[in-house]
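**Q** sharing a sequence plus its predicted fold:
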Amino acid sequence: MPQADTQQFGPIEYVEDDVIEFPVGLPAFEQETSFLLITPLKTKPLVFLQSLGRSELCFVTLPLEVVDPNYQLSVSVEDSKILSPAGQTLTAVGQADGVPVECLAIISLTGSRPTANLLAPLVINRATRRAVQAIRLDNTYSHQHPVEALVCS
Amino acid sequence: MLVIRRKAGEAFHIGENIEVEILEVGTNQVKIGIKAPREIAVLRNEVFLTERQNKAAATAASALLSRLTGADKSGM
């Protein structure tokens, strides 16, 4: 079983089927294309996006539906092609046109407050494990959407 | 903010090396051509913002954890 060194979690074991591929990386991190999703029970609902290439690179994310239950997903044609080479267009969070889609928002600190980037959610095709940070082309959602402090279980 | 009115086919310059030309004006979109040295990054605003957020997020994991889980000393 392959093992990954991570700064946040120490060495962790994973199976190849757990690896999420970002064929074009993430903006500002274009070289990083392989990640693991880690969901420790004690910090639920937080999801960690751990780079396999860089042990120190770990994004904190939240499921999109936790940040905004009414979020309307909009994935560009270009990004849809990356997610689903078969050519389906993705229109919704969840089961979109037969494509099982998981969406996460990257959390950062704005000043000292946690905010979620709703302008560019991570969209993951669970069937192919291909993913993309789908930057919206409209101004509907903020790149610094305030997130309430969560008390994790 | 400096505001300039231009028509399709007209251009303006930023400094010595950057030229911006209005190529096409549609009903709700304009097509812009930019000539700039290779070392000048030209990014759509949403990409620029996302790059900046990602860089900030990449360095914030442990600070965020204590903040989001209420594990820090102030009891947040």
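**A** Done, it's in.
**Q** from chain A, how far out is residue B:1?
**A** 17 Å (Cβ to the nearest Cβ, to the nearest Å). The C-beta positions use only the backbone N, C-alpha and C, and glycine is treated the same way.
**Q** who's in contact with the closest residue to residue B:19 other than its chain neighbours?
**A** Leaving aside its chain neighbours, residue B:19 sits nearest to residue B:35 (4.4 Å; criterion: Cβ to Cβ, 6 or more residues apart in numbering or on different chains). Contacts for residue B:35 were tallied using Cβ atoms under 8 Å, 6 or more residues apart in numbering or on different chains; they are B:18-21.
**Q** most surrounded residue in those residues?
**A** In terms of neighbours by other Cβ atoms under 10 Å in any protein chain shown, the contacts of residue B:35 top out with residue B:20 at 17 neighbours.
**Q** before we move on, back to that, of the contacts of residue B:35, which belong to strands?
**A** B:18-21 (DSSP state E).
**Q** and the two most separated of those?
**A** B:18 and B:21 (10.9 Å; Cβ to Cβ).
**Q** any common contacting residues for these two?
**A** B:34-35.
**Q** what is the burial count for residue B:37?
**A** Residues near residue B:37, counting by other Cβ under 10 Å: 8.
**Q** no no, residue A:110
**A** For residue A:110, using other Cβ under 10 Å, the count is 16.
**Q** whichever helix or strand residue A:105 is part of: which residues count as buried?
**A** According to DSSP states H and E, residue A:105 maps onto strand A:99-110. The neighbour-count criterion (16 or more other Cβ atoms under 10 Å in any protein chain shown) identifies A:99, A:101-110 as the buried residues of strand A:99-110.
**Q** quick check: of the residues you listed, which lies closest to chain B?
**A** Ranked by distance to chain B (Cβ to the nearest Cβ), these are led by residue A:108 at 3.7 Å.
**Q** my read: the closest one touches residue B:64, true?
**A** Yes. The pair residue A:108 / residue B:64 is scored as a contact, 7.4 Å apart, by Cβ atoms under 8 Å.
**Q** now do the shared contacts for the two.
**A** residue A:114.
**Q** quick check, nearest of the ones in strands among the contacts of residue B:35 to chain A?
**A** residue B:20 (20.5 Å).
**Q** need the contact list for that closest one.
**A** Contacts of residue B:20 (Cβ under 8 Å, 6+ apart): B:11-14, B:32-35.
**Q** what about residue B:6, distance to residue B:32?
**A** Distance of residue B:6 to residue B:32, given as Cβ to Cβ, to the nearest Å: 10 Å.
**Q** identify the contacts common to the two.
**A** residue B:22.
**Q** who's in contact with the host helix or strand of residue A:65?
**A** Using DSSP H and E, the element containing residue A:65 is helix A:64-67. Outside of helix A:64-67, the residues within contact range by Cβ under 8 Å, 6+ apart are A:45, A:71, A:73, A:93, A:103-105, A:116, A:118, A:121, A:145, A:147.
**Q** could you dump the ones in strands among the contacts of residue B:35 to TSV with pLDDT?
**A** Listed next are these as TSV, based on pLDDT from 0 to 100:
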residue	pLDDT
B:18	96
B:19	96
B:20	97
B:21	97
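**Q** looking at these, which is nearest residue B:52?
**A** Using Cβ to Cβ, those come closest to residue B:52 at residue B:18, 21.2 Å.
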